[in-house]
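J.: Sequence plus the predicted model coming up.
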Amino acid sequence: MQQLSVRHLLGIKEITPQDIQLIFETADQFKEVLNRPIKKVPSLRDVTIANVFFENSTRTKLSFELAEKRLSADVINFSASGSSVKKGETLLDTVNNILSMKVDMIVMRHSSPGAPHFLSRKIQANIVNAGDGTHEHPTQALLDSFSIRQKLGEVAGKKIAIIGDITHSRVALSNIFALQMQGAEVAVCGPPTLLPKYIADLGVKVFWNVREALQWCDVANVLRIQLERQTGKLFPSLREYALYFGINKKMLDELDKEIVLMHPGPINRGVELTSDAADSHHSIILDQVENGVAIRMAVLYLLASKG
């Protein structure tokens, strides 16, 4: 059996194009499983996985938990909000306490960039990064690429515009790395205050006008405004942002080609996307959610086989 080149999935930067291909081929098989009447396989029976979330999450946490249960793993959930973290316990102590209960794998979300990388040097269990601050969110980037591949046949040679709050988004960075690794052209678009100063050094095209970005791209991946991460006022109001950078169905219909619309969720309807755009035939947003379970099943299965 082919194996991943890594023991942990910490970020897209740490894996190879061959790893991405292997994850996609494995996810194809699991997607078939998910469409059967009995959606469970015994692939990870007797493997215990802890979901350790130090930040709020709906989709990612549910998606990982469902993936784990579909693989017949034993699952324990940890949420920092009601835990000893509130009493001053350190990250390492928290995780070591969980591991002492004989846990094989950790799925982790943390507000500090690099937290999973720090842990991977301290503990034996496999680690999956479910988002570390504004740094990376590798499984989201993988499921986005997988959804593009499913819709358009392949990722190589396609033009993908990432539109919105790039500075505060972990999804943007992981997507840029993953898409470029697969041979896609990537552009970013947003207000100057929401784009990192040296973003062009990553080899991406920069647009300041959302209509130009839509005209250029084959796929528009729209990100929400991460108000909870912003420390100052970076634009006058949500209403003004929606006016200049919001996407509606009329804009999509006026393009001289069909494009695919994506969003990692949660959507702020009426800000970055109007409801008629989010629910239009251009949108593959719910396909992304469905593919997320298959991709996470593939990642967990492949990492567990590395031991």
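T.: Now that the structure is in, tell me what you want to look at.

J.: so what's Ile127 up against?
T.: 8-10, 105-108, 116, 119-120 (C-beta atoms under 8 Å, 6 or more residues apart in numbering). Every residue, glycine included, has its C-beta placed from N, CA and C.

J.: Quick check: which element contains the residue most central in space within the chain?
T.: The residue lying closest to the centre of the chain (C-alpha atoms, centre = their mean) is Gln140, at 1.7 Å. Per DSSP states H and E, Gln140 falls inside helix 138-152.

J.: elements contacting that helix?
T.: helix 17-34, helix 59-70, strand 126-132, helix 170-181, strand 219-222, strand 260-262, helix 285-306 (3 or more C-beta pairs under 8 Å, 6 or more residues apart in numbering; DSSP states H and E).

J.: Name the residues that touch the host helix or strand of Val188?
T.: When secondary structure is defined by DSSP H and E, Val188 falls within strand 185-189. With C-beta under 8 Å, 6+ apart as the test, strand 185-189 has contacts from 157-164, 166, 172, 175-176, 179-180, 195, 199, 203-210, 212-213, 216-217, 245.

J.: avg pLDDT for it?
T.: Per-residue pLDDT values across strand 185-189 average out to 98.

J.: before we move on, what about stretch 237-251?
T.: Stretch 237-251 comes out at a mean pLDDT of 92.

J.: now swap in stretch 135-150 and tell me
T.: pLDDT averaged over stretch 135-150 gives 97.

J.: How far away from the center of its chain is it?
T.: Stretch 135-150 has its C-alpha centroid displaced from the chain centroid by 6 Å (C-alpha atoms, centre = their mean, to the nearest Å).

J.: Can I get that stretch as PDB, trimmed to CA atoms?
T.: The C-alpha trace of stretch 135-150 is given here as PDB (Å, rounded to 0.1, in the frame of the first residue of the first chain):
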ATOM      1  CA  HIS A 135      -1.600  30.100   9.700                       C
ATOM      2  CA  GLU A 136      -2.900  26.900   8.000                       C
ATOM      3  CA  HIS A 137      -6.000  24.700   7.700                       C
ATOM      4  CA  PRO A 138      -4.800  21.800   5.500                       C
ATOM      5  CA  THR A 139      -7.900  19.600   5.400                       C
ATOM      6  CA  GLN A 140     -10.000  22.600   4.200                       C
ATOM      7  CA  ALA A 141      -7.500  23.300   1.300                       C
ATOM      8  CA  LEU A 142      -7.500  19.600   0.400                       C
ATOM      9  CA  LEU A 143     -11.300  19.400   0.300                       C
ATOM     10  CA  ASP A 144     -11.400  22.600  -1.800                       C
ATOM     11  CA  SER A 145      -9.000  21.200  -4.300                       C
ATOM     12  CA  PHE A 146     -10.800  17.800  -4.300                       C
ATOM     13  CA  SER A 147     -14.100  19.700  -5.000                       C
ATOM     14  CA  ILE A 148     -12.500  21.600  -7.900                       C
ATOM     15  CA  ARG A 149     -11.200  18.300  -9.300                       C
ATOM     16  CA  GLN A 150     -14.600  16.800  -9.000                       C
END
